[in-house]
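S.K.: coords below, sequence missing:
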C-alpha cells in the first residue's frame, strides 16, 4: 500500500500540503450509526493548533474542519468520511530557498531526492507538522468509537522537556495535565519545563522531550502475532509523527539494566480478576494486550526550525553555505504533539478492535 | 492482512510451532535469477542456533533448512520459496502446566485468551523464540539480494548487557564483533558482559541488554511518508522479535535532552557528495533515507524463562500459586538475537528497495 | 483493505455521495513530475457527464473538477492528489420513499441492510452511477501516464445494445466510435441501437448491452500469477461499475463451444516479433500479458431506474406494494459507461506497470 | 501484495510446482477451535485428483495431504496451517522442449518472459492445473467453516461441455451432479457430454464448457462497495483458475438482451421474509448479497494440451516450427475444475464473513 494510506479496517488516507489549498483526510471503514459532527473533530484539532500559549508558534493557523461526506442526518453512514481544513493565505516567500538550501534536521533534502525536486517545499509541504492535523481528524473519530463502544481512555502527557523529567504521577493528575501549557502531570516540573523552553526560545534554539501515553480499559486479547504485534503497529503509527526518535513500551530502554526476576510481572488476582502486580510489560505480552494499561513512550527531538545560523549545502552550485531560518517557530513541539500521539494510538486500537469483532459494523440500527 | 504474513512486495509467511512438526516460511516476491542454495540460508541459521557457547541454552536444536520450492537449477524462479526446518523429537511434558499456570513475562496468558485455549502451548508454540528461525530464513535471502544488488551491509552487534555498556567502536571493530560469544565490538566490555551473564545464570536469573544495528550503503530516497516511514516499518519489524522493549533511531531517547542546534545534523560536502557531519538523525529524515548509515537500536528485556520461583495464577482453580521453570534456558538472549535483528532489517529494506525500483524483477536473464 | 480504496501502488480512495456535498477521490502513488492540470481530468469527465445526447438523462449535472492537492507549479509532486466535484443543489425529495420501499434492481435494499439504515439513500448515495465520476478522475491520470510513458492506448466501445450487435470493426473505426451517441464503431448498427433505445424510452423501459475494451501496446510480462492475474484484477475493477453482469476475456463465453485445436492461438513470427495468429486468449496467457492486444468485454444490465410500475415491499409495514420511479433517467447507460470502463482498465494497468518497474517514481527530474 | 498470497483475513499462500518436490499452502487467519483433520482436506482433494474416470487424464497423481502446523490435539490453534502434498517421482523429460518451443494456449511463453527464463517449466511449473490442489486444500477449510458456522452450501456443477448445454435443474438434482463423471445435474445431457468428450479425445483434441456455482444461505449484507464488491472479489478468485475465460453473475451475458422491466427482480414477501421473485441479480445488488442464492458461472476454455500438431516459434533460433504434445491429458477439464471453483468461492466468502463479524475468532472455548 502507498504511504499516505494508513490502517487495514479503519483506513485513513491523508492529503494536502502545509501551504497548499488544504489539509484533509478520508476515513474509510467507520461503522455506520455513530453520532458525529464537526464539533467532535474540532475539539481535538483545537488541542493541536498553534497559538495556545506563548510557548508555541504564534502563527495564526485557524484550523476549522469541514466534513464533506459520510455523515447524513447527524450519523455516520458507513461511507467514507472526507474531512478538510482550508488553508488560509500564507506567505510562502521565505521558503523559496529551502529547495536548494535544505534545512538541517528537516526533510527538505530527502524529499527533494525522493520526489525529484517536484515536491511542494513551501512550509515543508507534506513533511510539515501541519499534516498531523489530518491524523488528529481521523483520530478524533477513532477516539470517539473507542470511548463510546469500549470505554477505552487514551491519556498522553509530557514526561520530559529539555532535560527536566516529571515525577511519576497518579491517573487523576495525568488527567489534569492539560491544565498547564506543557501538558505535564507534574505541575512543579511543568514550571521548570516552561522556564527551560523560554530560555531556549531566547537563545533562538529549541528543546526536545518525551511523551508518555497510557491507555486504559484495553481488553485482553488484542494483537495478531507474530508480525502484527500491538507494539509493532503502535510504533509504526507513532513514527509517522515527525520528530519521533524512539518508541518504548513498559520498561523500555531500562529493560537493558534489569534482571528477569525483576522484569517478569507476576500474575495475581485482584477482585477475581487476573492482573499483573507490576507492569514492566506495558500491558502487552507476546504482542497481545494483557488487560493491564498499555504504557508507551515516545522521544521527540528538539524542533528542527531554529533561529541560529546553521551550515548546509547549496544544491545548485554545490557549495557549503550557512542559513538562518526566519519566522516564528515552536521552541518546543511536545505540548502540541500530545493530541497527535493520542490520535495515532487511537487509529491503531480502533483498527485492532474492529478486527477483533469488538466494534459492530453498525453501531445502532435505524431500519 | 493477517499476523503471520509480513511485507508488501517481498512477503514472508511464517508457520510452524516450537514443539510441532516444523518451523518454516514462504517467501513470495523474490526476484527470479538469484543463485540460491540451502547453504545461503544455513549460514544465517547457524548464527541463531542454540549451543554456540556456554552462555546460550545447551538444548540441541539442529536447525537444518530444506528448500521445498521456488528454486530450480540453482536459481530462484520467481515462484514462492518454501523453506522448512523439521523439529527433532522434543520432550514437551514439562510444558503441560503452562496452559493453566501462565509463566510471568511469557505470552502463555495472552495467547490463551487470544486463541481460546486452543494454542499449542508446548515450548511457547508460536510465541517461542524458535519461531524467529523463520525470520532468519527469509532474512538470509533478503540480505543476499541487498548485498549483491545494492552493496548494502547490515551489521548488528551488542552494545549493552546486564548494565554493562560497550564503548563506541569503529566499523572494523563492529565487523569483528562475532569473534566473542556476546557479539560485542568492545572486547573489553565483552568480557565483563560474559561474567555478568554467568553470574545471572548462577543465580537462576537472566539479564537484558541492547543491540545496535548499522546499515551501510543505503541509497538516499528510500521511504514513503507520511505513514510508510523507514523508521515506522523498521520498528514494526523489530517489534516482531520477542522481548524487544524499545526501538530507537539515531539519537533515540537522548534526543529528549538535546538542543536543536546540537541535534540538527549540518549538511556538508565530502568528496563531492552531500553528507551530514553528525548523524543524530540515524540516516533518516522525514521518514526517508538520506544516504548516511542507518543507525537503530533495540532494547531486549531479560529472558523471561528463569529458574527462580515466581508467582502466577492457576487459571483452572483461579488461585494464586508459585512456579519454577525447569529446563536449560538462555540467561541472556542478546547474542542469538543479533542475526534476527539483521534479518528483520533486511526484510524491510529489500521490500523498500523493490518498491523503489532498485531491484529488477529478474536479476539475470536466461532467455 | 476497506471497500472504497482501490489499488496497491497507484491507490484511489473514493468518497462522496450522489446528493451530498461532493464526489471526489484521492490518488496516492502517482509518480512525481507528471504535467497535470484540471483540463486533463475534465476531458474525461465530460465524456461521462449526462446530457450529452437525448439518449441520456437530461439532468443538468455540471461536473467541474477541482484539484485540491498533489500538484505544484503544474506538475504532480508525488503527494496524494485530491480531486473533487462539488454537487449542485439537487432535489432529493423524490428519494425519500426509497428508504422504505426499495427499488427493484437497485442497491436500496442491500445498502439498508449493510449499513443499518444509516446510508444516505438520496439519489442512491454511494450506489449511484454518479460515484463513477471518481473512478473517471483517477482513471484520467492513469490513462495519461500509460499513454505518455508506455504508449498504451485504451479503447472501449459499444458492441451491443438492446439485442442489436455491432459487426466487428477495424481499430480505426473503433477509434471513431465516439462520433455517434451510442459510441459504436459500427455506424449502421449504431442507428438501430439509437432507435431501439428511443423505443424503450417511450415505453418507460430501459435496455442493456455490452462494451468491448481493446488495449493496445501492453508489453508482454504484466501479471502476478497465480492470484494476481491480469484477468482477475481487471474483472474485479470492472465489477466496481454498477450494472456489470459479466466480464469476459478473448473468446469469453464462446470458449465453451470451441475445440482446443481452434482455441489455442498459434505462435508466429511477424517482422521478427513473436505474435499469435489468432487472439482467443485476449492478450493474456497464464494471467500474464503476451504482447497481443488485451480484449475484454462487459455486459451491462438494462438501467434499473424505469418509469414502469414495479412491485416491492414496504419495509416499515412489511407489506408488498407497487412503486413508480419518477424523474428523467438514462434509458441506456452504455454510452456513458464507456469512459468508466476505460478508467477502471487504466487504474489496473498503471498499478501493474508500476509494480513491474515500468513507470519511474519520478517522471522527470527538476533537481 | 504479491501474487501467491490471496485474501485479507483468511489468507492463503500457495507454493510448490507441478514437477518440484511438493504443492502446498499456508492458511493464516483460520479461527481457533475448529475440529480439523487431514480427512477434511483429503475428501476435497480426491474430487480434484486425476484418474477418477476415463474422461480425465490417467496420470497417477496420488495427492495425499499432510498438515504440518496450526492443528494441535485435533483442533485449529489460530496459528498458520501449512498443508502439503509431496509430489511423486515424475518424468519431466518430455517438458524439456517447452522452454524454447512454447505450447499454444499455455503459459510457457509468458512465464518465460515474466521470469526471464528461470521459471520451472516442467509440467507447466506454477502454471500447471496441479497448483489448484493448493486452492482446494485451503478451500476445504473455508467450506467447513462456512458450512458449520453459517450453514452456507456451495454447489458447483457442469452446465455445458462441447456445445451441449444442460437443462436447468432443481437443487436436489444439482446436489446429485457428482453421480456422473461430468458432474452435470442433467443426466441426459451428461451422456451426450461424455460422448462428445470421447469424440474429442479420439481426435486428439479437447472441449471446453461451463460451470455454474450456486451458493445457498448467504446472509444478506456481505460486500464492501464500491470496490470490494462480492462480484469483484469472486471473479478475481475465479480467474485464478487456469482456463477461465468469463465470469458471469445472475443473468450474465444475457442481460444485454433484456429490458429493465424484465431484469429488475421484484421484491416480495414469502413467509415473512423479503425475497425477490426472480433472481437475475444472482443474489447480489450493489455488490452486496441480498439473501437470495448467489449464482455465478464460469466458462472454461478447451484444454490447451492436445495431441494434434500445432504451430509455434522456437525461441532459440527464432524460427516458426510445429510441435506435438505427448502424454495423457484431460480432453475436458470441466469435471475436475468443479471442486476448484467451489474452493475459490469458499475462500472469498469466508473472508467476507470474517470481515462482517459473522465468524468468531475462536469457534469454541477451551479455557
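M.R.: Great, that's in hand. Being a predicted model, the structure only gives us computed values, none of them experimental. Numbering: from 1, shown residues only, chains lettered A, B, ... in the order given.
S.K.: what residues does the stretch 51-200 of chain A have near chain B?
M.R.: Taking CB under 8 Å from any CB of the partner chain as the criterion, the stretch 51-200 of chain A approaches chain B at residues A:102-107, A:109-111, A:113-114, A:126-127, A:131, A:160-163, A:200. Yep, even glycine has a C-beta here, placed from its N, CA and C like the rest.
S.K.: which stretches in the stretch 151-300 of chain A count as helices?
M.R.: Remark: helices of the stretch 151-300 of chain A, listed N- to C-terminal, are A:171-175, A:187-202, A:230-238, A:260-263; assignment by DSSP state H, counting those that start in this stretch.
S.K.: turn those into CSV, including mean neighbour count and mean pLDDT.
M.R.: Rendered in CSV, the data for those read as follows (neighbours: other CB atoms under 10 Å in any protein chain shown; pLDDT from 0 to 100):
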stretch, mean neighbour count, mean pLDDT
helix A:171-175, 15, 97
helix A:187-202, 18, 97
helix A:230-238, 28, 98
helix A:260-263, 22, 98
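S.K.: show me the one of those that comes nearest residue C:252.
M.R.: Comparing the helices of the stretch 151-300 of chain A by their distance to residue C:252 (CB to CB), the top pick is helix A:230-238, with 43.5 Å.
S.K.: what about the closest residue to chain B within the stretch 201-350 of chain A, how many residues close to it?
M.R.: Among the residues of the stretch 201-350 of chain A, residue A:286 lies closest to chain B, at 2.4 Å counting by CB to the nearest CB. Neighbours of residue A:286 under the rule other CB atoms under 10 Å in any protein chain shown: 26.
S.K.: pLDDT score for it?
M.R.: Here, the pLDDT recorded for residue A:286 equals 98.
S.K.: nearest spatial neighbour of it, skipping sequence neighbours?
M.R.: If the residues on either side of it in the chain are set aside, residue A:286 comes closest to residue B:107, at 2.4 Å by CB to CB, 6 or more residues apart in numbering or on different chains.
S.K.: now do the lengthiest helix in chain A against helix A:187-202, angle only.
M.R.: Among the elements of type helix in chain A, defined by DSSP state H, the one spanning the most residues is helix A:334-355. Angle of helix A:334-355 versus helix A:187-202, following axes from the mean of the first three to the mean of the last three CA atoms, to 10 degrees, is 120 degrees.
S.K.: and helix A:334-355, what does it pack against?
M.R.: Helices and strands in packing contact with helix A:334-355 are listed as helix A:38-48, helix A:132-150, strand A:153-161, strand A:209-216, helix A:230-238, strand A:294-300; criterion 3 or more CB pairs under 8 Å, 6 or more residues apart in numbering or on different chains; DSSP states H and E.
S.K.: who touches the first one?
M.R.: Residues from elsewhere that reach helix A:38-48, judged by CB atoms under 8 Å, 6 or more residues apart in numbering or on different chains: A:63-67, A:83, A:85, A:132-133, A:136-137, A:139-141, A:143-144, A:178, A:336, A:338-340, A:342-343.
S.K.: chain D contacts on the stretch 1-150 of chain A?
M.R.: When proximity is defined by CB under 8 Å from any CB, the stretch 1-150 of chain A lies next to chain D at A:8, A:9.
S.K.: now do the strands in the stretch 1-150 of chain A.
M.R.: Secondary structure of the stretch 1-150 of chain A (DSSP state E, counting those that start in this stretch): strands at A:5-6, A:11-16, A:22-28, A:65-67, A:71-72, A:75-76, A:81-86.
S.K.: how far off centre is the last one?
M.R.: To tie it back to what came earlier, the one meant is strand A:81-86. Here the centre of strand A:81-86 is set off from its chain's centre by 18 Å, with CA atoms, centre = their mean, to the nearest Å.
S.K.: before we move on, what about the third one?
M.R.: Strand A:22-28 has its C-alpha centroid displaced from the chain centroid by 16 Å (CA atoms, centre = their mean).
S.K.: does any bit of it sit next to chain B?
M.R.: No: residues of strand A:22-28 are not located near chain B by CB under 8 Å from any CB, the shortest gap being 10.6 Å.
S.K.: partners of that strand, with directions?
M.R.: For strand A:22-28, the pairing partners within the sheet under DSSP bridges are strand A:11-16 (antiparallel), strand A:81-86 (antiparallel).
S.K.: now do the last one and helix A:132-150, the angle between them.
M.R.: Between strand A:81-86 and helix A:132-150, the angle formed by their directions is 140 degrees, by the same axes, to 10 degrees.
S.K.: other residues contacting strand A:81-86?
M.R.: Residues external to strand A:81-86 that are found in contact with it (CB under 8 Å, 6+ apart): A:16, A:21-28, A:30, A:36, A:41, A:45, A:63-71, A:133-134, A:137-138, A:141, C:15-16, C:22, C:24, C:68.
S.K.: which residues touch residue A:316?
M.R.: Taking CB under 8 Å, 6+ apart as the definition of contact, the neighbours of residue A:316 are residue A:100.
S.K.: burial measure for the residue in the stretch 201-350 of chain A positioned nearest to chain C, as a count.
M.R.: When you check the stretch 201-350 of chain A against chain C by CB to the nearest CB, the closest residue turns out to be residue A:315, at 6.5 Å. Counted with other CB under 10 Å, residues neighbouring residue A:315 total 19.
S.K.: can you tell me the closest non-neighbouring residue to it?
M.R.: If you skip the residues right next to it in sequence, residue A:315 has residue A:100 as its closest partner in space, 4.8 Å away by CB to CB, 6+ apart.
S.K.: now that neighbour. Its backbone dihedrals?
M.R.: Backbone geometry at residue A:100, expressed as degrees, to the nearest 10, gives phi -110, psi -20.
S.K.: how close does it get to residue A:316?
M.R.: The spacing between residue A:100 and residue A:316, counted by CB to CB, to the nearest Å, is 5 Å.
S.K.: how about stretch A:126-146, does it reach chain C?
M.R.: Yes: judged by CB under 8 Å from any CB, stretch A:126-146 and chain C are in contact via residue A:126.
S.K.: chain center to that stretch, what's the gap?
M.R.: Stretch A:126-146 sits 8 Å away from the centroid of its parent chain (CA atoms, centre = their mean).
S.K.: repeat that for stretch A:164-182.
M.R.: On the basis of CA atoms, centre = their mean, stretch A:164-182 is displaced by 18 Å from the centre of the chain it belongs to.
S.K.: go on, stretch A:152-166?
M.R.: Taking CA atoms, centre = their mean, one finds the center of stretch A:152-166 at 13 Å from the center of the full chain.
S.K.: what is the mean pLDDT for that stretch?
M.R.: Summarised as a single mean, pLDDT over stretch A:152-166 is 98.
S.K.: what residues of that stretch count as buried?
M.R.: Of the residues in stretch A:152-166, A:152-162, A:164-166 count as buried by neighbour count, 16 or more other CB atoms under 10 Å in any protein chain shown.
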